[in-house]
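1. Fold the stuff below for me.
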Amino acid sequence: MSKVKQNIYNILKGKFLISEDAFKNWRIIIFVVILLLFMISRSHSSDKKVLRIAELNKEIRELKAEFVDTRTKVMQLELESAIQRKVAVRGLLPSENPPKKIRVIKSKVD
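-> Got it, this is the predicted structure:
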């Protein structure tokens, strides 16, 4: 049997974990496992952040729509016709005579 085949069989049987220099192999395996766990945790963390960003974007769109709706209602309430209808119930009507401009002339005191 060739040396390559023998090495593959040894790996499949797990002899690299129980041989004399197994400590070196265990250190590498533990290091790789720790790196994998770290990568998995970072991946989950980034997924959570992406989901949070999507939720916040949805909330922003809803708040913008609410703002536009509220602004439209306020603009309609500020119209002169809307104000006239509301105060007509209380008996206030628009003036039939246009307003007159009052001019104040200062006199010179000698």
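
2. which helices and strands does the one helix or strand in the chain whose mean pLDDT sits lowest pack with?
-> Among the helices and strands of the chain, helix 3-13 carries the lowest confidence by mean pLDDT, DSSP states H and E, at a mean of 82. Other helices and strands packing on helix 3-13, by 3 or more C-beta pairs under 8 Å, 6 or more residues apart in numbering; DSSP states H and E, are absent; none qualifies. Heads up, the C-betas are built off the backbone N, CA and C, glycines and all.

3. Quick one: mean pLDDT for the longest helix belonging to the chain?
-> Longest helix in the chain, counting residues (DSSP state H): helix 22-77. When pLDDT is averaged along helix 22-77, the result is 94.

4. Tell me which residues touch Ile60, please.
-> Applying C-beta atoms under 8 Å, 6 or more residues apart in numbering, one finds that Ile60 lies in contact with no residue.

5. quick one: the residue nearest the centre of the chain and Ser46, what's the gap?
-> With distances taken as C-alpha atoms, centre = their mean, the residue of the chain nearest its centroid is Leu56 (2.7 Å). Taking C-beta to C-beta, to the nearest Å as the measure, Leu56 falls 15 Å from Ser46.

6. same thing with Ala22?
-> According to C-beta to C-beta, Ala22 and Ser46 sit 36 Å apart.

7. Between those two, point out the one with more neighbours.
-> When Ala22 and Ser46 are compared for neighbours, Ala22 comes out ahead with 14 against 10, by other C-beta atoms under 10 Å.
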